[in-house]
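Participant: Sequence plus the predicted model coming up.
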Amino acid sequence: MEDWAEVRRLHRAEGLPIKEIARQMGLARNTVRAVLRTDRPPRYERPARGSVVDPYEPAIRALLATWPRMPGPIIAARIDWPYSEGPLKKRLAKIRPEYVGVDPVSRTSYEPGELAQCDLWFPPAKVAVGHGQTRVLPVLVMASGYSRFLSATMIPSRQTGDLLSGMWRLIRGIGRVPKTLVWDREAGIAGKGQVHAPVAAFTGTLATRIKLAPARDPEFKGLVERANGYLETSFLPGRSFSSPADFNTQLADWLARANQRTVRSTGGRPVELLDADYAAMVPLPPLDPPVGLHTRTRLARDHYVRVDTCDYSVDPRVIGRFVDVTASLSTVSASCDGTVVARHPRSWAKRQVINDPAHLELAQALRREHHSRREANARLARQHTDGHTVVLRALPDYDALFGVDFDPTPDSHDDLEPTEGIPS
């Protein structure tokens, strides 16, 4: 390469003839002439050789014409591929787009306050939830389109009420409402492509809307999908969690630092770009939106209500009446005619019985009172109308009255006939 550059310099800059250049450089004159005829540096090119895949390519193309997405190992088995998979994989990567087609994507730009993408992340780490149980719990992640600001919180379930409670916690943490919330077709958000009624009530109160991603298209909400991967690779490793509250505390501390990083696609820090996002968002409503789990049931004799597989005790004095049960992310409460008749910390463990000692003591007192009243009613039933006690006769007295001679223990051998060979 240096000789090629020097030959051209001597000829063009110094004006030396070919013969003098050949003498100074120690090259043949024909070599100097060849160098001067080329405009580009010399480059060694190995002559192309055929590949071991070439004889098999017609059979490969015949399979791809019918089954464009047939996996490489299946193709190798169909064509009796005798070599390692490397050459076949390279050839498939080259020719498969001719049959499958290319699905290009383009970058999307977002306006301030335009949208936030939401998704559930399931961290592969079990969290202690009490009662000797550990669970893999969902984490609701929200990523702002313009500022790339991340917020997340762990929730106890994927039910609609818990998803709405998680979204409200994250939105309230930001202080304003994005104009659009992008979701995939999560079962708790939309069924059969239409948002559930509680979700519609939630978005109506916040003056926002839910935009559903097309089916089987995770790239539609690529911001939050990448955020999930970022959480799994940068937040989770090396951590342990003693409870969901501990998980959320560690996550909040980490997000405060993560939102100060510089994002390559925007060239700015999310915490700094959030000001423009915040100014364009919708203000929070004057009233909190309807969130949490809600049920209405008639209280049975065991005076317990069930919320997400756990049973919670209720004041037994409202047995037989309708109670309204509400479960937030942290508490479970029940009310009857506007009066609170139960309040418990919510259990994130499965299949537990949560008791209030006051409810148990009251149930025992009501049970004793009930038995005393029943015995008193039984005594009143045995009294005559004039007040004297009605005597209850024994059953043998009635047998004697009607002349029935009934012996409850007859001789078992009286009715038996002698059997041959056995003395009677």
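Facilitator: Yes, it's here.

Participant: Specify the residue ranges that define each domain of the chain.
Facilitator: The chain breaks down by automatic domain parsing into domains covering 2-37, 54-100, 116-283, 292-406.

Participant: and among those domains, the most buried is which?
Facilitator: domain 116-283 (a mean of 17; mean count of other CB atoms under 10 Å). (Glycine included, C-beta is placed from N, CA and C.)

Participant: now that one, how far from the centre of its chain.
Facilitator: Relative to its chain's centre, domain 116-283 lies at 11 Å (CA atoms, centre = their mean, to the nearest Å).

Participant: Kindly report the same for stretch 38-51.
Facilitator: Using CA atoms, centre = their mean, the offset of stretch 38-51 from its chain centre is 54 Å.

Participant: Buried residues, that stretch. List them.
Facilitator: Residues of stretch 38-51 include none that count as buried (16 or more other CB atoms under 10 Å).

Participant: any chance you could map the strands in the stretch 101-250 of the chain?
Facilitator: 116-121, 127-130, 133-135, 139-144, 150-154, 176-177, 180-183, 190-191, 194-195, 209-212 (DSSP state E, counting those that start in this stretch).

Participant: which stretch in those is the model least sure about?
Facilitator: Of all the strands of the stretch 101-250 of the chain, mean pLDDT reaches its minimum on strand 190-191 (a mean of 85).

Participant: who's in contact with that strand?
Facilitator: Under the criterion CB atoms under 8 Å, 6 or more residues apart in numbering, residues 183, 196, 199, 210, 212 lie in contact with strand 190-191.

Participant: next SSE after the longest helix anywhere in the chain?
Facilitator: For the chain, the longest helix by residue count, based on DSSP state H, is helix 357-381. Next along the chain after helix 357-381, taking DSSP states H and E as the criterion, comes helix 395-401.

Participant: for that next one, the distance to its chain's centre please.
Facilitator: 75 Å.

Participant: what packs against it?
Facilitator: Applying 3 or more CB pairs under 8 Å, 6 or more residues apart in numbering; DSSP states H and E, one finds that helix 395-401 contacts no other helix or strand.

Participant: Summarise which helices and strands the host helix or strand of residue 325 is packed against.
Facilitator: Using DSSP H and E, residue 325 sits in strand 322-327. Counting contacts by 3+ CB pairs under 8 Å, 6+ apart, strand 322-327 packs against strand 293-298, strand 304-307, strand 331-336.

Participant: I'd like to know which of these is closest to residue 247.
Facilitator: strand 331-336 (18.7 Å; CB to CB).

Participant: Where does the prediction get shaky in the protein?
Facilitator: Within the chain, the stretches with pLDDT under 70 are 1, 105-106, 380-393, 406-424.

Participant: who are the neighbours in contact with residue 291?
Facilitator: So residue 291 contacts 161, 164, 165, 167, 168, 202, 328 (CB under 8 Å, 6+ apart).

Participant: Make TSV from those and add distance to residue 226 to it.
Facilitator: Listed next are those as TSV, based on distance: CB to CB, whole Å:
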residue	distance to residue 226
161	28
164	25
165	25
167	20
168	24
202	26
328	30
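
Participant: now for the residues you listed, which pair is the farthest apart?
Facilitator: Top of the distance list for the contacts of residue 291 (CB to CB): 202 and 328, 14.0 Å.

Participant: could you pull out the helices for the stretch 101-250 of the chain?
Facilitator: All helices of the stretch 101-250 of the chain, identified by DSSP state H, counting those that start in this stretch, fall at 160-174, 197-206, 222-230, 244-258.

Participant: Report the inter-axis angle for the second one versus strand 293-298.
Facilitator: Here helix 197-206 runs at 120 degrees with respect to strand 293-298, directions being taken by axes from the mean of the first three to the mean of the last three CA atoms, to 10 degrees.

Participant: residues in contact with helix 197-206?
Facilitator: 160-161, 164, 167-168, 171, 177, 181, 189-190, 195, 209-210, 282, 284-285, 287-291.

Participant: Now render the strands of the stretch 101-250 of the chain as TSV, adding distance to residue 255.
Facilitator: Shown next, in TSV, are those (distance: least, CB to CB, whole Å):
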stretch	distance to residue 255
strand 116-121	13
strand 127-130	17
strand 133-135	22
strand 139-144	10
strand 150-154	6
strand 176-177	18
strand 180-183	19
strand 190-191	27
strand 194-195	27
strand 209-212	24
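
Participant: so which of those comes closest to residue 249?
Facilitator: strand 150-154 (10.3 Å).

Participant: Which strands or helices does that closest one pack on?
Facilitator: By 3+ CB pairs under 8 Å, 6+ apart, strand 150-154 packs against strand 139-144, helix 160-174, helix 244-258.

Participant: ok, the closest residue to residue 176 other than its chain neighbours - contacts?
Facilitator: Residue nearest to residue 176 in three dimensions, not counting chain neighbours: residue 281, with 3.6 Å by CB to CB, 6 or more residues apart in numbering. Shown in contact with residue 281 (CB under 8 Å, 6+ apart): 113, 174, 176, 177, 178, 179.

Participant: now do residue 20
Facilitator: Residue 20 neighbours (CB under 8 Å, 6+ apart): residue 10.

Participant: separation between it and residue 29?
Facilitator: As judged by CB to CB, to the nearest Å, residue 20 and residue 29 stand 10 Å apart.

Participant: Residue 232 now?
Facilitator: 67 Å.

Participant: Quick one: distance of stretch 339-351 to the chain centre.
Facilitator: 23 Å.

Participant: swap in stretch 42-52?
Facilitator: Centre to centre, stretch against its chain (CA atoms, centre = their mean), the figure for stretch 42-52 is 52 Å.

Participant: residues making contact with that stretch?
Facilitator: 1, 4, 83, 87, 91.

Participant: could you redo these as JSON lines and give each row distance to residue 41 and secondary structure?
Facilitator: Compiled in JSON lines, the contacts of stretch 42-52 are given as follows (distance: CB to CB, whole Å; DSSP: H, G, I helix; E, B strand; the rest coil):
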{"residue": "1", "distance to residue 41": "6", "secondary structure": "coil"}
{"residue": "4", "distance to residue 41": "6", "secondary structure": "helix"}
{"residue": "83", "distance to residue 41": "36", "secondary structure": "coil"}
{"residue": "87", "distance to residue 41": "31", "secondary structure": "helix"}
{"residue": "91", "distance to residue 41": "32", "secondary structure": "helix"}
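
Participant: Which member of those is positioned nearest residue 394?
Facilitator: residue 83 (101.2 Å).

Participant: follow-up on the earlier one: can you add distance to residue 339 and give the helices of the stretch 101-250 of the chain back as TSV?
Facilitator: What follows is the helices of the stretch 101-250 of the chain, written out as TSV (distance: least, CB to CB, whole Å):
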stretch	distance to residue 339
helix 160-174	22
helix 197-206	25
helix 222-230	42
helix 244-258	30
